[in-house]
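[1] Sequence and predicted structure, then a few things I'm wondering about:
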Amino acid sequence: MVAGSGLASGVLEIISFAEALRQTDQQRRHLLLGNGFSIAAHRQFSYSSLFGRAFGETDGRLRSVFTALETTDFELVARRLNEALAVVRCYEPGPPVVEAINEDLAELRRRFVEALTKVHPPQRQAITDDQFAAANRFLAHFRRGGTAPLAGEIYTTNYDLLLYWATLAAAHVNTNDGFGGPRVTWSAEGGRQSVFHLHGALHLYEDEELVTTKVTYSSSPLMAQIARRLAKGSLPLFVSEGTSAQKRLRIEASPYLHHALGRFSAACDEDDASLFVFGHALAEQDEHITELIRDGRVGRVYVSAMDPQASRRRFAGLEAGWATAREELGRPSVELRLFPAGEAGLWG
């Protein structure tokens, strides 16, 4: 481990997870989860695995885009297709190409969700009790009793059910996802919600009146119900747009997503709280999220990394950009600190 102040030395600080917890012992800790949280339990959530399920060797035009870009990253392909769309509209004959790209963007969304349901554990029992116990020991660091002032909030950009299943498996973590009533409908009223799906999730659906409901276990497992809905052409509530600006527009159109991002913004504006980030790259395509941290008041951001030394340079650049923005806005300074992901004991 490397000791010392990142701000004083100009070198991003790497600390242990235990030290990160010690430093924030008297603060509310908010948590932002990315795909690394789920991949740690189920490797098939990686983009390469999803790509293998989404496309066969002989698939045509859309698969050739992945090949041309030398990637299996669905978000990158969506971003490049949208960029191509903007350029092609400037030329003649534009309409046939525009139509083809729009068709492929819709196909990309559908294939991504289908692939996710194929690789997803079919039911909660596919994850062991010991794994859920470990996950909830990790989550408990952020909920701490479930009441103010030390209970933080949990935010995720993941679409899968692992966080939902984990919170169902441990009452002591004391979370609330905002859904209830006969139709299991979401409501912003009451202010008790503590888990937020920033980009939607497989078990969330939004109807034409923008009412968001949640699929719950009845006579069949959740994934079986979701697969049946998908076969009928019903897609869950999820943000699949490639650029941050497009994601922001999609979020603004959904009361649930808009509320979730607003709550994350409020969490980032707490100068007496800290933010932990696990399994999230804080990359350009999620600028609508990172800019809320950058422009907020939260003083310390603790980020997991599989290899902190290898990640140090990139995150040091991110910290420097945030510090400059904070200074220009007259906001409190911010320190970003890395901790080894493996030390969190996530999923055992």
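    Received, thanks. Residues are numbered from 1 along each chain as shown.

[2] all contacts plus neighbour counts: C-alpha atoms, from now on.
    Fine.

[3] What is the helix or strand that contains residue 107 packed up against?
    Mapping residue 107 onto the secondary structure by DSSP states H and E places it in helix 95-119. Applying 3 or more Cα pairs under 8 Å, 6 or more residues apart in numbering; DSSP states H and E, one finds that helix 95-119 contacts helix 47-54, helix 74-88, helix 222-231.

[4] now the angle between helix 222-231 and it, please.
    Calculated by axes from the mean of the first three to the mean of the last three Cα atoms, to 10 degrees, helix 95-119 forms an angle of 160 degrees with helix 222-231.

[5] and the closest residue to residue 34 other than its chain neighbours, helix, strand or coil?
    Distances taken as Cα to Cα, 6 or more residues apart in numbering place residue 280 nearest to residue 34, at 4.0 Å, with adjacent residues excluded. Recorded secondary structure, residue 280: coil (DSSP: H, G, I helix; E, B strand; the rest coil).

[6] Residue 299 versus residue 280, what's the distance?
    With distances taken as Cα to Cα, to the nearest Å, residue 280 is found 19 Å from residue 299.

[7] same thing with residue 143?
    19 Å.

[8] Looking at these two, which is more packed in?
    When neighbours are counted by other Cα atoms under 10 Å, residue 143 comes out ahead of the other of residue 143 and residue 299, with 25 against 20.

[9] Quick check on the more buried one: phi, psi?
    Comment: the main-chain dihedrals of residue 143 come out as phi -90, psi -30, following degrees, to the nearest 10.

[10] Could I get the contacting residues of it?
    Taking Cα atoms under 8 Å, 6 or more residues apart in numbering as the criterion, residue 143 is in contact with 29, 150, 151, 152, 153, 173, 174, 175.

[11] One more pass at 7 Å, please.
    151, 152, 153, 173 (Cα atoms under 7 Å, 6 or more residues apart in numbering).

[12] ditto for residue 271
    The neighbours of residue 271, taking Cα under 7 Å, 6+ apart as the test, are 297, 298, 299.

[13] per-residue pLDDT, it?
    At residue 271 the predicted local confidence, pLDDT, stands at 94.

[14] Give the next helix or strand downstream of the helix or strand harbouring residue 291.
    If you go by DSSP H and E, residue 291 is part of helix 287-294. Tracing the chain C-terminally past helix 287-294 and defining elements by DSSP H and E, one meets strand 300-305 next.

[15] tell me what the very next helix or strand once past that next one is packed against?
    Sequence-wise, the next helix or strand downstream of strand 300-305 (DSSP H and E) is helix 308-329. Counting contacts by 3 or more Cα pairs under 7 Å, 6 or more residues apart in numbering; DSSP states H and E, helix 308-329 packs against helix 287-294, strand 335-340.

[16] Need the winner for burial among those.
    Across the helices and strands packed on helix 308-329, the average number of neighbours (mean count of other Cα atoms under 10 Å) peaks for strand 335-340, which reaches a mean of 23.

[17] Residues in contact with that one: which ones?
    The contact list for strand 335-340 (Cα under 7 Å, 6+ apart) reads 7, 12-17, 299-308, 319.

[18] just to revisit the earlier point, how about the helices and strands packed on helix 308-329, which one is nearest residue 84?
    With Cα to Cα as the measure, helix 287-294 is the member of the helices and strands packed on helix 308-329 nearest residue 84 (20.4 Å).

[19] And for the residue nearest to residue 197 when sequence neighbours are not counted, the neighbour number?
    The shortest distance from residue 197 to any non-neighbouring residue, by Cα to Cα, 6+ apart, is to residue 156 (5.1 Å). Residues within reach of residue 156, counting by other Cα under 10 Å, total 25.

[20] what about residue 206, distance to residue 192?
    With Cα to Cα as the criterion, residue 206 and residue 192 are 21 Å apart.

[21] Would you mind getting the angle between the helix holding residue 107 and helix 47-54?
    Using the same axes, to 10 degrees, the interaxial angle of helix 95-119 with respect to helix 47-54 works out to 100 degrees.

[22] Mind listing what's buried along helix 95-119?
    For helix 95-119, a neighbour-count test (16 or more other Cα atoms under 10 Å) marks 97-98, 101, 104-105, 108-119 as buried.

[23] go on, stretch 47-57?
    Counting neighbours by 16+ other Cα under 10 Å, one finds that the buried residues in stretch 47-57 are 47, 50, 51, 53, 54.

[24] which residues sit in contact with residue 261?
    Contacts were defined as Cα under 7 Å, 6+ apart; by that measure residue 261 touches residue 198.

[25] what's the average pLDDT for the helix or strand hosting it?
    In this structure, residue 261 sits in helix 255-268 according to DSSP H and E. Taken as a whole, helix 255-268 has an average pLDDT of 98.

[26] And that helix, what's buried?
    255, 256, 257, 258, 259, 260, 261, 263, 264, 265, 267, 268.

[27] My read is that the fourth one contacts residue 248, right?
    This means residue 258. No: applying Cα atoms under 7 Å, one finds residue 258 not in contact with residue 248, separated by 8.9 Å.

[28] hmm, back to that, also compute the angle for the helix holding residue 291 relative to helix 308-329, please.
    70 degrees.

[29] now for helix 287-294, which elements pack on it?
    Contact partners of helix 287-294 among helices and strands, from 3+ Cα pairs under 7 Å, 6+ apart: helix 244-252, helix 255-268, helix 308-329.
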